[in-house]
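>>> Sequence and predicted structure are below.
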Amino acid sequence: MYLCIDLGGSNIRGTWINKYGKSGRVIVLSRPRSLEGTREALSIVIEQIKKDCPEKVQLMGIASAGPMDFSRGVYLYPTNMPELKDFNLKEFILQISGLDLLLENDAQAAALGEIFKGCLAGEKDALVFTLGTGLGSGVIMNQEIWRGKLPAGPELGHLYLGPGRKIRCGCGQTGCAETWLNASALKDLARRNGVEMQSLKELDSLLLERNAQAMKTLEQYGYRLGLYLCQVVSIFGITKIGLAGGLSRLAPYFIQSAHRTLAHRLARRKWLIPESICISPDPEMSALWGMCFLMFRKSRGNA
Ligand SMILES: [Zn+2]
């Protein structure tokens, strides 16, 4: 039995999952923007899952945004959670639960989760993108997270996607794909098309009504995504694509436009056109499934 947690910028969510992928109810707490508050919220979530869990927990896995020193379990300079800098998560978990901890980057865990239980279940090779506050990526080769020669792997959200977007990315640069495709980019695009809204949730109801400006916004977003996917498939030669994260729920409105862009850009290199672009059936579970997959493998001695 595995205890899986997704520690993100806004929320801490977790559940127990067994090796067959069966899971309990998901506990979600909003994460206070302080180290002390995070420690406390994390303890509450863990305590609650342990109470719910029908069997003894063997191992704990946490997916979180990096960059992190995975071997020591320490946050380095987390872009979206600066208050956690130098926090030794591994030591803290051992202290409060006595459990050994497996850590993974949240987007990479989500990518594994999608080939384990999600939209690409059973696939060996895949590129999975987490569209949300940021643009996370996971490259899966032979059912392993591929990191190249880097400790944290490639960061495909920082590929350059062209000038014209002046917003500075968390990495300090402008023009990163993340600034063209994340939630605030979509909000800005909607505003440019005359859609005024407080939160992106309002876009959902406009799309249901097939509001022309909202539809145009998603069409343009799909074009951007198509341009981006042209680059990543050309680099990795992997044509199974998965989309996860909060914005993936809007895929029915942007996916056709992304496909059209790919077909046009890759008209003379048809072998690079993605065989499929799949949408996560439950984006809130992707990283939790991924952690379970990793722990399952570790406990069988294969990781
Ligand atoms: Zn960047």
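Nice, thanks for sending it over. Residues are numbered from 1 along each chain as shown.

>>> what ranges do the strands span in the chain?
2-7, 11-17, 27-30, 59-64, 68-69, 74-75, 101-105, 126-131, 135-141, 144-145, 240-244, 276-279 (DSSP state E).

>>> now could you export just the CA positions of stretch 207-222 as PDB?
Provided in PDB are the C-alpha atoms of stretch 207-222 (Å, rounded to 0.1, in the frame of the first residue of the first chain):
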ATOM      1  CA  LEU A 207     -17.500  27.900 -24.300                       C
ATOM      2  CA  LEU A 208     -20.600  25.800 -23.400                       C
ATOM      3  CA  GLU A 209     -22.700  28.600 -24.900                       C
ATOM      4  CA  ARG A 210     -20.300  28.500 -27.900                       C
ATOM      5  CA  ASN A 211     -19.500  32.200 -27.400                       C
ATOM      6  CA  ALA A 212     -17.700  33.400 -30.600                       C
ATOM      7  CA  GLN A 213     -14.800  35.200 -28.800                       C
ATOM      8  CA  ALA A 214     -14.300  32.400 -26.400                       C
ATOM      9  CA  MET A 215     -14.200  29.800 -29.200                       C
ATOM     10  CA  LYS A 216     -11.700  32.000 -31.200                       C
ATOM     11  CA  THR A 217      -9.500  32.200 -28.100                       C
ATOM     12  CA  LEU A 218      -9.300  28.500 -27.800                       C
ATOM     13  CA  GLU A 219      -8.700  28.200 -31.500                       C
ATOM     14  CA  GLN A 220      -5.700  30.500 -31.200                       C
ATOM     15  CA  TYR A 221      -4.500  28.600 -28.100                       C
ATOM     16  CA  GLY A 222      -4.600  25.400 -30.100                       C
END
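
>>> And the contacts of it?
Residues from elsewhere that reach stretch 207-222, judged by Cβ atoms under 8 Å, 6 or more residues apart in numbering: 181, 185-186, 189-190, 193-195, 203, 206, 250, 253-258, 260-261. Backbone N, C-alpha and C define where each C-beta goes, glycine included.

>>> same deal with stretch 259-268?
222, 223, 225, 226, 227, 229, 230, 233, 272, 273, 274, 277.

>>> any chance of these in JSON lines, with neighbour count, distance to residue 24 and pLDDT too?
Below are the contacts of stretch 259-268 laid out as JSON lines (neighbours: other Cβ atoms under 10 Å; distance: Cβ to Cβ, whole Å; pLDDT from 0 to 100):
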{"residue": "222", "neighbour count": "21", "distance to residue 24": "36", "pLDDT": "98"}
{"residue": "223", "neighbour count": "16", "distance to residue 24": "41", "pLDDT": "98"}
{"residue": "225", "neighbour count": "28", "distance to residue 24": "34", "pLDDT": "98"}
{"residue": "226", "neighbour count": "24", "distance to residue 24": "38", "pLDDT": "98"}
{"residue": "227", "neighbour count": "18", "distance to residue 24": "41", "pLDDT": "98"}
{"residue": "229", "neighbour count": "25", "distance to residue 24": "35", "pLDDT": "98"}
{"residue": "230", "neighbour count": "20", "distance to residue 24": "41", "pLDDT": "97"}
{"residue": "233", "neighbour count": "21", "distance to residue 24": "37", "pLDDT": "97"}
{"residue": "272", "neighbour count": "17", "distance to residue 24": "41", "pLDDT": "96"}
{"residue": "273", "neighbour count": "16", "distance to residue 24": "40", "pLDDT": "97"}
{"residue": "274", "neighbour count": "21", "distance to residue 24": "34", "pLDDT": "96"}
{"residue": "277", "neighbour count": "21", "distance to residue 24": "31", "pLDDT": "97"}
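
>>> re the thing from before, mark which of the contacts of stretch 207-222 are buried, thanks.
Buried residues within these, counting neighbours by 16 or more other Cβ atoms under 10 Å: 181, 185-186, 189-190, 193, 195, 203, 206, 250, 253-255, 257-258, 261.

>>> Closest to the ion out of these?
residue 181 (11.4 Å; Cβ to the ion).

>>> In space, what's closest to that closest one - neighbours in sequence excluded?
Of all residues not flanking residue 181 in the chain, residue 135 sits nearest, at 5.1 Å (Cβ to Cβ, 6 or more residues apart in numbering).

>>> and if you look at residue 48?
Nearest to residue 48 is residue 27, by Cβ to Cβ, 6+ apart, at 4.9 Å.

>>> ok, residue 84 to the ion distance?
To the ion, residue 84 is 20 Å away according to Cβ to the ion, to the nearest Å.
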